[in-house]
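Engineer: Sequence first, then the predicted structure:
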2 protein chains.
Amino acid sequence: MKKAVILLSGGLDSLTCLAIAKSQALECYALSFDYGQQHNSELKQAQKIAEIYNVKKHLTLPIVFDPNVKSSLINSNIAVLDAKRENNSGIPNTYVPARNTIFLAYALGWAEIVEARDIFIGANCVDYSGYPDCRPEYLTAFEKMANLATKAGVEGLHTSIQAPLLNLTKAEIIQLGSSLGVDYSLSVSCYRANEHGQACGSCDSCALRKKGFQDANVPDVTRYV
Amino acid sequence: MKKAVILLSGGLDSLTCLAIAKSQALECYALSFDYGQQHNSELKQAQKIAEIYNVKKHLTLPIVFDPNVKSSLINSNIAVLDAKRENNSGIPNTYVPARNTIFLAYALGWAEIVEARDIFIGANCVDYSGYPDCRPEYLTAFEKMANLATKAGVEGLHTSIQAPLLNLTKAEIIQLGSSLGVDYSLSVSCYRANEHGQACGSCDSCALRKKGFQDANVPDVTRYV
């Protein structure tokens, strides 16, 4: 049985990724991170999702950031702003420096340990917050680096970064997941989610998700406050 | 004052790197990792080194590996072997999957937080254990990925991976460090170092270090068991 490491935040995209990997009959190793995110109810959901999808193993690893980090996802002194539809060009203050690089680095190490050749990440560059580490050129560069980094790479065993949602709209992601039977009420996307996993409905992530359900013509099962 | 993040394991190479960065009048942010290494007395030395070199800030971050990792540096069920001079082609069992990638990923995040543009790593591909993530092609690929990963990169602020020891022999590293006044008794290189930081004298890392002092014609101040 082929193995894969799945980055599982507990959000809509990573849940869809896991469903895709399972539909490909991969043995899944789910990896979540407690990096001090304010919306850490997503971790509880990641745990539930990992159980429901019967992954082989689920790890939640701690990541410590310098408390001076100027990210509203981590630093409680900085407010997560409402979505700005007019200004999608800038990188919002929810950006966490090198987050996906740290996540993928751990995934790379774990993939080598469990002998998985595929790493799934729910990165998307269509309906997204503009983070640089979700862009295709970034993921391509990471994969190239990854295969130079490891003993597996030296031995000719190629590790692939799989980003099956990369060029899909949020609506297409939801349609794809729905066709695979995904229950999106399990997932938490909101940057301001409360301890019960309820969403604010107005942050960048909520706005993208809400519009996704509308455009997909799929009932929005998100639990709003 | 220009800033730099220095990966500081507490070994000979990273100590030399810090001395080089200080000699370039950089404000230094030292970064160490507690990743379950058996030879964790190196962390105590890293702390001392950071104090002596008066770094701006020193962080020691935890990294958790799957306990099934087949690395003798982490897994106490696997023995660190003596140096094999005859067989330098293979990657020894001290190899830790994706270690430098995880280290550099954290360094990249911290560099962006503190607005450092240089990351120093004591990687060396001459007198080394053969780890793939010490090779120049790996470091070049990491730097390329790093500049696509971050907001700083998008804004045109280039982050450089500085590996000033990359093509030096161990003897040349020791000569360079000595010319900068480095006290190598502060550093611990041994993969089997005991809790007092005393070296075994026979592992791969000890063998390389010992030969380095001999070839450099510099007194070996290493504290052996």
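Structural biologist: Yes, it's here. Residues are numbered from 1 along each chain as shown, chains lettered A, B, ... in the order given.

Engineer: From here on, just use CA atoms for contacts and neighbour counts.
Structural biologist: OK.

Engineer: ok, longest helix in chain A?
Structural biologist: Counting by DSSP state H, the longest helix found in chain A is helix A:99-114.

Engineer: touching chain B at all, that helix?
Structural biologist: Yes. Helix A:99-114 is in contact with chain B by Cα under 8 Å from any Cα of the partner chain, via A:Arg99, A:Asn100, A:Thr101, A:Ile102, A:Ala105, A:Tyr106, A:Leu108, A:Gly109, A:Trp110, A:Glu112, A:Ile113.

Engineer: My guess is the last one contacts B:Ser71. True?
Structural biologist: No. Under the contact definition of Cα atoms under 8 Å, A:Ile113 does not touch B:Ser71, with a separation of 9.5 Å.

Engineer: Identify the residues contacting the longest helix of chain A?
Structural biologist: A:3-7, A:31, A:33, A:117-119, A:133-134, A:142, A:146, A:150, A:152, B:65-66, B:68-70, B:97-99, B:101-102, B:105-106, B:109, B:149 (Cα atoms under 8 Å, 6 or more residues apart in numbering or on different chains).

Engineer: redo that, cut-off 6 Å
Structural biologist: Residues outside helix A:99-114 that contact it (Cα atoms under 6 Å, 6 or more residues apart in numbering or on different chains): B:Val69, B:Pro97, B:Ala98, B:Thr101, B:Ile102, B:Ala105.

Engineer: Past that helix, which element shows up next along the chain?
Structural biologist: Using DSSP states H and E, the helix or strand that follows helix A:99-114 towards the C-terminus is strand A:118-120.

Engineer: Quickly run through the sheet partners of that next one, with directions.
Structural biologist: If you go by DSSP bridges, strand A:118-120 pairs up with strand A:3-7 (parallel), strand A:160-162 (parallel).

Engineer: Now do the buried residues in stretch A:71-87.
Structural biologist: A:Ser71, A:Ser72, A:Leu73, A:Ile74, A:Asn75, A:Val80, A:Ala83 (16 or more other Cα atoms under 10 Å in any protein chain shown).

Engineer: what's the spacing between the residue of chain A most remote from its centre and A:Phe213?
Structural biologist: Farthest-out residue of chain A from its mean C-alpha position, per Cα atoms, centre = their mean: A:Glu155, at 29.4 Å. Per Cα to Cα, to the nearest Å, A:Glu155 is found 44 Å from A:Phe213.

Engineer: Redo the strands paired with strand A:118-120 as CSV? Include mean pLDDT and mean neighbour count.
Structural biologist: Output for those, formatted as CSV (pLDDT from 0 to 100; neighbours: other Cα atoms under 10 Å in any protein chain shown):
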stretch, mean pLDDT, mean neighbour count
strand A:3-7, 98, 27
strand A:160-162, 98, 20
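
Engineer: Let's have those strands in JSON lines, adding distance to A:Gly197.
Structural biologist: Listed next are the strands paired with strand A:118-120 as JSON lines, based on distance: least, Cα to Cα, whole Å:
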{"stretch": "strand A:3-7", "distance to A:Gly197": "19"}
{"stretch": "strand A:160-162", "distance to A:Gly197": "27"}
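
Engineer: what about the longest strand along chain A, near chain B?
Structural biologist: If you go by DSSP state E, chain A has its longest strand at strand A:27-34. No. Judged by Cα under 6 Å from any Cα of the partner chain, strand A:27-34 stays clear of chain B, getting no closer than 10.9 Å.

Engineer: helix or strand right after that strand?
Structural biologist: Using DSSP H and E, the helix or strand that directly follows strand A:27-34 along the chain is helix A:41-52.

Engineer: buried set for that following helix?
Structural biologist: A:Ser41, A:Glu42, A:Leu43, A:Lys44, A:Gln45, A:Ala46, A:Gln47, A:Ile49, A:Ala50.

Engineer: returning to what we had before: now, among the buried residues of stretch A:71-87, which is nearest to A:Ile161?
Structural biologist: Of all these, A:Ile161 sits closest to A:Leu73, with 25.0 Å by Cα to Cα.

Engineer: Identify the residues contacting that closest one.
Structural biologist: Per Cα under 6 Å, 6+ apart, neighbours of A:Leu73: A:Gln37, A:Gln38, A:Thr94.

Engineer: Next, count neighbours for the residue lying closest to A:Ile91 once chain neighbours are set aside.
Structural biologist: With Cα to Cα, 6 or more residues apart in numbering or on different chains as the criterion, A:Ile91 has its nearest non-adjacent residue at 5.5 Å, and that residue is A:Gly130. When neighbours are counted by other Cα atoms under 10 Å in any protein chain shown, A:Gly130 registers 18.

Engineer: Give the ChimeraX command for selecting the buried subset of the contacts of A:Leu73.
Structural biologist: In ChimeraX, this line selects whichever of the contacts of A:Leu73 come out buried by 16+ other Cα under 10 Å:
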select /A:37,38,94
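
Engineer: just curious, which of the residues of helix A:99-114 next to chain B is nearest to A:Cys200?
Structural biologist: When these are compared for distance to A:Cys200 (Cα to Cα), A:Arg99 wins out at 23.1 Å.

Engineer: Render the CA-only coordinates of stretch A:208-225 in CSV, please.
Structural biologist: What follows is stretch A:208-225, C-alpha atoms only, in CSV (Å, rounded to 0.1, in the frame of the first residue of the first chain):
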residue,chain,number,x,y,z
LEU,A,208,-13.7,32.8,0.7
ARG,A,209,-15.4,29.8,2.2
LYS,A,210,-18.9,31.3,2.3
LYS,A,211,-18.6,32.4,-1.3
GLY,A,212,-17.3,29.0,-2.2
PHE,A,213,-20.4,27.2,-0.9
GLN,A,214,-22.6,29.8,-2.7
ASP,A,215,-20.8,29.4,-6.0
ALA,A,216,-20.8,25.6,-5.7
ASN,A,217,-24.5,25.6,-5.0
VAL,A,218,-23.8,23.4,-2.0
PRO,A,219,-25.5,24.0,1.4
ASP,A,220,-23.1,25.9,3.7
VAL,A,221,-22.8,23.6,6.8
THR,A,222,-20.3,25.9,8.5
ARG,A,223,-21.2,26.5,12.2
TYR,A,224,-21.3,30.3,12.5
VAL,A,225,-21.3,32.1,15.8
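
Engineer: Sweet, I'm off.
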